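Chemist: Turn this into a structure:
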Amino acid sequence: MTLKTESRQLRGLNVQVLYNNAYRKCANGGITERHETVWVVADPHSDVYNRLPTIPDTARNLVVADERGGVIHLRPYEQPSGMCGPMMGGSYAHTPDSRWRTIVGVDYPVAVHDRFETEERMRVLSV
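Modeler: Okay, here's the model as predicted:
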């Protein structure tokens, strides 16, 4: 997906990144190392979509809800090519906004999988 479109009208929630300072740098340069909030992009078919704020065109901290193995997490809206990931980078995100559940599918904080590595680096760290 690309962010630069003629009629980009993404909507979502701007939510707080939750992290432990001991693990803040574990995202390997991911979104949560550079931003204290992330925009969770909502599905345009969501019941709450039209009640959500429009995400600024300049925002680069966009994530979407995803599911892997029955577990919900957030991953970057745009992902680098030629990299392995996304992987858990040590941060979570949440908001008390009642629309969170509709967008993400759960009531509780979810992990942000914003860590990417080269295949070579992943092999070295996985040994």
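
Chemist: rest of the way, CA atoms for contacts and neighbours
Modeler: Noted.

Chemist: Flag every buried residue along stretch 39-50.
Modeler: Buried residues in stretch 39-50, defined by neighbour count with 16 or more other CA atoms under 10 Å: 39-43, 48-49.

Chemist: got it, and stretch 70-77?
Modeler: Counting neighbours by 16+ other CA under 10 Å, stretch 70-77 gives 72-77 as buried.

Chemist: Select the longest helix from the protein.
Modeler: Looking across the chain with DSSP state H, the single longest helix is helix 119-125.

Chemist: From the contact counts, what lies against that one?
Modeler: With contacts defined as 3 or more CA pairs under 8 Å, 6 or more residues apart in numbering; DSSP states H and E, helix 119-125 has no helix or strand neighbours.

Chemist: and that helix, average pLDDT?
Modeler: What helix 119-125 shows for mean pLDDT is 81.

Chemist: Residues contacting that helix, please?
Modeler: Here helix 119-125 makes contact (CA atoms under 8 Å, 6 or more residues apart in numbering) with 83-84.
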